[in-house]
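>>> Sequence and predicted structure below; questions after.
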Amino acid sequence: TEARALGLARAEGALSAFSVLGWPAVLLDHDGQLIHINQNAEQLLSGDVTIRGGRIASFAHQATMVLDRELYAFKCSRPSIILEPLMPLPRRGNRRPLLVFALRLSAISKDVFSRRQIILKFIDLDVHPQPSESVLCRYFALSAAEARLARGVATGKSLDVLANELNITTQTARHELKSVFAKLNVHRQPELVALLAMLLPADQI
């Protein structure tokens with residue numbers, strides 16, 4: 001009991017560190033159930049993405065199912081990087097999706113119980129502006145078409161929707177996305193969205 005209490009104290013300390021940095025974060029047990037949440041996450045997780053039945057849930061049932069699968073896969077996988085991007089959670093209207101990252105507590109805590117606990121960190125894309133097309137072209141050697149597609153993917157839109165908006169075929173969109181992945185050294189759409197969320201907008205470079 002004392003060991004578990006110490007482990008929880010360390011976990012809460014880790015969440016406090018995220019709070020100091022201004023990042024919304026929650027602590028989950030090995031079954032994906034909420035153990036603790038910091039104040040930033042309390043303010044963020046309401047409406048389209050919320051906590052329901054002790055779990056992170058999206059208004060879109062399919063997105064919730066995918067998140068559960070991603071969490072299970074993350075739990076069962078060997079750690080490759082400290083902070084693993086999972087997926088974007090959609091929101092209604094013109095709001096951009098929330099990005100979800102997973103962190104094994106064992107990466108920052110030596111407590112024996114931390115091996116089965118996961119911290120989820122969230123990035124609100126409405127707060128983190130996208131880099132401009134010119135920035136993507138300049139720093140990553142993307143073509144103008146690739147930059148437009150990359151920015152579209154970062155909004156959470158599907159390739160079919162983007163292909164229609166950009167007046168290209170879905171096959172062309174897939175080819176351009178593959179080229180974007182290679183140039184930015186990412187392998188999945190969540191990784192691309194996460195990278196673009198971390199970049200500064202053009203007026204700050």
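That came through, no problem.

>>> Let me see the contact set for Leu136.
Contact analysis of Leu136 by Cβ atoms under 8 Å, 6 or more residues apart in numbering lists Leu142, Glu146, Ala147, Ala150, Arg151. C-beta: built from backbone N, CA, C; applies to glycine.

>>> With Arg91 instead?
Residues near Arg91 by Cβ under 8 Å, 6+ apart: Gly47, Asp48, Val49, Phe59, Pro97, Leu98.

>>> Hmm, which of those is lowest in pLDDT?
Within the contacts of Arg91, pLDDT reaches its minimum at Pro97, with 81.

>>> What are the phi and psi values at Asn94?
phi -90, psi 10 (degrees, to the nearest 10).

>>> if we can go back for a sec, now the buried members of the contacts of Leu136.
Buried subset of those (neighbour count, 16 or more other Cβ atoms under 10 Å): Leu142, Glu146, Ala147, Ala150, Arg151.

>>> Kindly reformat the contacts of Arg91 as CSV containing distance to Leu162, neighbour count and secondary structure.
Below are these laid out as CSV (distance: Cβ to Cβ, whole Å; neighbours: other Cβ atoms under 10 Å; DSSP: H, G, I helix; E, B strand; the rest coil):
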residue, distance to Leu162, neighbour count, secondary structure
Gly47, 25, 10, coil
Asp48, 21, 18, coil
Val49, 22, 25, strand
Phe59, 22, 14, coil
Pro97, 14, 25, coil
Leu98, 20, 23, strand
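
>>> Now flag whichever of those residues is closest to Asn185.
If you rank the contacts of Arg91 by distance to Asn185 using Cβ to Cβ, Pro97 comes first, at 22.0 Å.

>>> hmm, who's touching stretch 27-45?
8, 11-12, 14-16, 18-19, 22-26, 51, 54-56, 68, 71-72, 75, 98, 105, 116-120, 122, 124.

>>> could you redo the last one with a cut-off of 7 Å?
11-12, 15-16, 18-19, 22-26, 51, 54-55, 68, 71, 75, 116-120, 122, 124 (Cβ atoms under 7 Å, 6 or more residues apart in numbering).

>>> quick one: which of those sit in strands?
Using DSSP state E, the subset of these located in strands is Ala25, Val26, Ile51, Arg55, Ile118, Ile119, Leu120, Phe122, Asp124.

>>> how many neighbours does Lys157 have?
By the measure other Cβ atoms under 10 Å, the count of residues near Lys157 is 17.

>>> do the same with the one 4 residues further on
For Val161, the number of neighbouring residues by other Cβ under 10 Å comes to 14.

>>> List the buried residues of stretch 60-70.
Ala63, Thr64, Leu67, Glu70.

>>> on that earlier part again, restricted to helices, list the buried ones among the contacts of Leu136.
Judged by DSSP state H, helices contain the following of the buried ones among the contacts of Leu136: Glu146, Ala147, Ala150, Arg151.
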